[in-house]
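Asks: generate coordinates for the sequence data below:
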Amino acid sequence: MHSPLSSLVVCLLLCLAFVLVSSAQQDDAGLVRHIVTFRFKTSVSDQERAEVMSTYRALQFKCVNRTTHKPYIVSFDAGFPNSKEGQDQGQEQGYIVTFKNVEDRNYFVGRPYTYPYDPYHDAFKTYVGPLLNTTHGTGVFVFDFTVLPPVDLI
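Replies: Here you go, the predicted model:
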């Protein structure tokens with residue numbers, strides 16, 4: 001049999017967990033997610049593909065704000081397709097790059113859309129471009145969005 005005190009402690013812990021999860025979700029509202037996937041030419045080796053991933057992921061630390069000289073990428077997630085749905089359209093690597101705001105994302109994306117631009121990301125685009133399979137499109141898929149506030153539970 002549970003004591004009233006242990007039930008109270010469990011209830012308080014559950015409430016605290018709910019508050020922490022709720023505030024974490026609200027903290028993401030307004031962030032900008034930059035989703036990128038790559039489809040490579042068949043001639044690109046496994047080693048070259050691995051180099052693309054490590055080079056792209058390193059941008060999280062190389063890309064810095066021009067004024068503060070501090071990294072401006074909030075988070076940088078990377079991975080490989082693993083869905084059983086078969087809808088990856090041949091994309092082989094996926095990334096979610098998170099920015100604090102649209103301005104930081106625009107600086108990252110850079111030319112030909114925004115000046116000034118991040119020189120490290122610009123160099124990466126030049127490096128990866130020739131490795132991408134352009135048979136059906138550009139070999140890259142990009143989708144950006146601003147994170148919405150969480151839906152209130154009724």
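Asks: what bridges to residue 143?
Replies: With DSSP bridges applied, residue 143 shows beta-bridge pairing to residue 35.
Asks: and it, how many neighbours does it have?
Replies: The burial metric for residue 143, expressed as a neighbour count using other C-beta atoms under 10 Å, is 10. Glycine gets a C-beta too; all of them are placed from N, C-alpha and C.
Asks: assign the residue sitting nearest the centre point of the chain to helix, strand or coil.
Replies: Within the chain, one residue has its C-alpha closest to the average C-alpha position: by C-alpha atoms, centre = their mean, that is residue 96, at 1.7 Å. The three-state assignment at residue 96 reads strand, by DSSP: H, G, I helix; E, B strand; the rest coil.
Asks: tell me which residues touch the nearest residue to it once chain neighbours are set aside, please.
Replies: Distances taken as C-beta to C-beta, 6 or more residues apart in numbering put residue 77 closest to residue 96, at 4.4 Å, once the chain neighbours are dropped. Under the criterion of C-beta atoms under 8 Å, 6 or more residues apart in numbering, the contact partners of residue 77 comprise 95-98.
Asks: and residue 77, which of the three is it?
Replies: Per three-state DSSP, the local secondary structure of residue 77 is strand.
Asks: what residues are bridge-paired with the residue nearest to the centre of the chain?
Replies: For residue 96, the beta-bridge assignment (DSSP bridges) gives partners residue 35, residue 77.
Asks: what about it, distance to residue 43?
Replies: Relative to residue 43, residue 96 is positioned 27 Å away (C-beta to C-beta, to the nearest Å).
Asks: just residue 79 next, same as before
Replies: 23 Å.
Asks: just residue 139 next, same as before
Replies: Separation of residue 139 from residue 43 (C-beta to C-beta) stands at 13 Å.
Asks: more crowded one of the two?
Replies: Neighbour tally, residue 139 and residue 43, criterion other C-beta under 10 Å: the higher count belongs to residue 139, 21 against 8.
Asks: wait, doesn't the more buried one sit right on residue 38?
Replies: Yes: Residue 139 is in contact with residue 38 according to C-beta atoms under 8 Å; the separation is 6.5 Å.
Asks: so what sits against both of these two?
Replies: With contacts taken as C-beta under 8 Å, 6+ apart, the residues that reach both residue 139 and residue 38 are residue 132.
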